[in-house]
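Asker: Give me a model of this one.
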Amino acid sequence: MFFNDVIGQENVKQRLINETKEGKVPHALMLCGPEGCGAMPIAIAYAQYLLCQGEKEAGNACGQCRSCLMMNKLQHPDLHFAFPIYKKFSSGKPTYCDDFLREWRGMVEQSPYFGMAEWMNASGAENQQLVIYADESDAIAKKLSLKSSQGGYKVMIIWLPEKMHEACANKLLKLLEEPPAQTVFILVSEHPDLVLQTIRSRTQMIEVPRLSAAEIEQTLTEKMNILPAEAARIARSAGGNMAAALRNVTDDSESQLYFDLFVSLMRLSYMRKVKEMKQWSEKVAGLGRERQKSFLIYCQRMIRENFIYNFRRQSQLNYMNEREAEFTVKFAPFINENNVIGIMEELSLAQRDIEQNTNAKIVFFDFSLKMIVLIKNR
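Answerer: You can find the predicted model right below:
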């Protein structure tokens, strides 16, 4: 992957290129940014730039040398990955990231803009919790102790270091501080505040901001041939997350599920059907943590759109799909200045609790009960 394949983020890309040209390649780098901002594509493009053995032009790897050709399939022997996984073997045998390398490469080749939802689907994780286990630190140390296959850099990309088991993180401290010669760690984090402070202090941190709606819209129209009006709607609803935009384009079934759950909750809350609300919370609890978080983010977007709808003409409602817009016409009056802050706060608290592995049935039932009061506050 080349730097010019990365959407936007010109400042970050130029910084990395300049530092490399000046011989100031950091031994440990942490790219920090929310899902879908492009931190992973930048990491892969930077790895290819470092590993390229040809003549680099216009701030890109040459694309022609042996190293670049191996990078096309992410099979360069000096490029290594670590990422959250689940226990694959029931026998008690340790599970390593390399056991999932085929699935990982397939997902990244399909699109480097992805999130935990895509990885769980690609790896077959279902509702399991994904972790970078303590044993992985030994595997990383072993790989990086070997001599470079191509005589240049060795690059270790760690996706979501915040998912590292504490024992794994502690074992990596020494390696991060004093890595073997010409070894570069690239950590890609969505929540750097959850990464151990001792890890963060040993890396050069670079913030990767959200993409603009215009950048996502341009990508959708020019590279995916999406009609301008639809691209604008998708880009606006994506909130700077290219992974979310791609989900909207390729899989409408997930969006339909979230919409149905959202509408059901609002109607049950309005009618105060507590028994049905309990059944609703049990259904949502069965989705798995990552889909639950995605659903709560979807709810926040719908609440914002419905609130804003009250202050603009109907013809300007162009950031929802047809079914959402149709529902909003009748539902928007129930979201107003008296309750919008309270609803958004409750959604934020529910998201926090889900991220902290609180019992999902309790979280969603508690939230639904609070909606009874909030939805009536007109």
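Asker: List the contacts of the strand or helix carrying residue 67.
Answerer: Secondary structure from DSSP states H and E places residue 67 in helix 66-71. The contact list for helix 66-71, computed with CB atoms under 8 Å, 6 or more residues apart in numbering, reads 1, 47-48, 51-54, 61-62, 76-77, 79, 150, 152. In short, each C-beta sits where N, CA and C put it, glycine included.
Asker: cool, stretch 327-335 as well?
Answerer: Contacts of stretch 327-335 (CB under 8 Å, 6+ apart): 259, 263, 266, 270, 303, 305-307, 309-310, 314, 317, 320, 343, 375, 378.
Asker: How far does that stretch sit from its chain's centre?
Answerer: 30 Å (CA atoms, centre = their mean, to the nearest Å).
Asker: what comes up buried for it?
Answerer: Of the residues in stretch 327-335, 327-328, 331-332, 334-335 count as buried by neighbour count, 16 or more other CB atoms under 10 Å.
Asker: what about that stretch, start to end distance?
Answerer: 13 Å (CA to CA, to the nearest Å).
Asker: Need the mean per-residue confidence for it.
Answerer: Average pLDDT, stretch 327-335: 88.
Asker: got it, and stretch 148-156?
Answerer: Mean predicted confidence for stretch 148-156 is 88.
Asker: try stretch 350-369
Answerer: Here the average pLDDT along stretch 350-369 is 91.
Asker: begin at 371 from here
Answerer: With the count now opening at 371, the last piece we talked about shows up as stretch 720-739.
Asker: Report the buried residues of that stretch.
Answerer: 720-721, 723-724, 730, 733-738.
Asker: coming back round to it: so for the helix holding residue 437, what gets flagged as buried?
Answerer: The neighbour-count check on helix 436-441 (16+ other CB under 10 Å) flags 437-438, 440-441 as buried.
Asker: swap in stretch 427-446?
Answerer: Buried residues in stretch 427-446 (16+ other CB under 10 Å): 429-432, 435, 437-438, 440-441, 444, 446.
Asker: now swap in stretch 566-576 and tell me
Answerer: So for stretch 566-576, counting by 16+ other CB under 10 Å, buried means 566, 569-570, 572-573, 575-576.
Asker: Show only the entries of these found in strands.
Answerer: If you go by DSSP state E, the buried residues of stretch 566-576 have 575-576 in strands.
Asker: Let's have the buried residues of stretch 566-576 in TSV, adding distance to residue 560 and pLDDT.
Answerer: As requested, the buried residues of stretch 566-576 are exported to TSV (distance: CB to CB, whole Å; pLDDT from 0 to 100):
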residue	distance to residue 560	pLDDT
566	15	90
569	15	91
570	14	91
572	19	90
573	15	92
575	13	94
576	14	95
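Asker: circling back: mind listing which of the buried residues of stretch 697-705 are in helices?
Answerer: Among the buried residues of stretch 697-705, the members found in helices (DSSP state H) are 697-698, 701.
Asker: all strands in the stretch 471-620 of the chain, in order from the N-terminus.
Answerer: Using DSSP state E, counting those that start in this stretch, the strands found in the stretch 471-620 of the chain span residues 524-529, 553-559, 574-577.
Asker: residues near residue 387, how many?
Answerer: 18 (other CB atoms under 10 Å).
Asker: how near is it to residue 376?
Answerer: Noted for residue 387: a distance of 12 Å to residue 376, by CB to CB, to the nearest Å.
Asker: Ok, residue 596 next?
Answerer: Residue 596 is 19 Å from residue 376, by CB to CB.
Asker: Which of the two has more residues huddled nearby?
Answerer: It is residue 376, of residue 596 and residue 376, that has more neighbours when counted by other CB under 10 Å, with 23 against 20.
Asker: just for this structure, where's the confidence low?
Answerer: 461, 621-623, 682-689, 747-748 (pLDDT under 70).
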